[in-house]
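Participant: this one's sequence-less:
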């Protein structure tokens, strides 16, 4: 499956006259991981779409709906006036405040289910996800380096930093979906390195390799999807991992 669409929609084309295409690593990782997820969910049976995931109460269908929702915030963010400057980083975006409260999580659950219910069947649902991420990638691809956006939580961030948070969503929930389906993880190297850098900071490779874990195994451990033993906790703490609040 191609990493980007053959055409950019009319909104993106209108911007492209004065903006250059971005070659940001976060956008490349976003494209690669979304394409891998699209391929993985194409052709699922209705029984597979209805399997439970670790992200209760979501099924596979609901969880892909959630991923579509969190990607689909971007077009409105890009249409809105850009903040004068960025105020927070991708790491700071994951601070434990009201965005992860029971009330907000309730809204998050309902939005995912509503998105999943839009599609007549699993095939249409997979196609909706594919169309969503391709449109977002096209829109982001014509934005300039240094473009700032404001999130629905009110955060002013660089677009590249917000895209890093979308890579987290697609990569980590991709692991959830793979586990629910009983598939080998399809985590791409670009997304794995992007999330690892978010968790450990620049120059993270040697520190992560010290643990001897695969990238999917590391992300499961680092995001609480697999429990850490006491010895593992001590080793991870020595690495200075940035624990992220995840809804």
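Facilitator: That came through fine. Computed from a predicted model, the values in this text were never measured in an experiment. Numbering: from 1, shown residues only.
Participant: what about the strands in this structure?
Facilitator: Under the criterion DSSP state E, the chain contains strands at 148-150, 156-158.
Participant: Any chance of the ones you listed in CSV with mean pLDDT and distance to residue 200 as columns?
Facilitator: Where C-beta positions appear, they are placed from N, C-alpha and C, glycine not excepted. Formatted as CSV, the entries for the strands of the chain read as follows, by pLDDT from 0 to 100; distance: least, CB to CB, whole Å:
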stretch, mean pLDDT, distance to residue 200
strand 148-150, 96, 25
strand 156-158, 96, 20
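Participant: Adding mean neighbour count and distance to residue 25, write those strands out as a markdown table.
Facilitator: What follows is the strands of the chain, written out as a markdown table (neighbours: other CB atoms under 10 Å; distance: least, CB to CB, whole Å):
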| stretch | mean neighbour count | distance to residue 25 |
| --- | --- | --- |
| strand 148-150 | 20 | 17 |
| strand 156-158 | 21 | 13 |
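Participant: Let's have these in CSV, adding distance to residue 183.
Facilitator: As requested, the strands of the chain are arranged in CSV below (distance: least, CB to CB, whole Å):
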stretch, distance to residue 183
strand 148-150, 33
strand 156-158, 32
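Participant: So for residue 56, which of those strands sits nearest?
Facilitator: Taking CB to CB as the criterion, residue 56 comes closest to strand 156-158 out of these, the separation being 29.5 Å.
Participant: which other residues reach that closest one?
Facilitator: Counting by CB atoms under 8 Å, 6 or more residues apart in numbering, the neighbours of strand 156-158 from elsewhere in the structure are 83-90, 93, 146-151.
Participant: Name the nearest of those residues relative to residue 195.
Facilitator: The nearest member of the contacts of strand 156-158 to residue 195, counting by CB to CB, is residue 90 at 10.0 Å.
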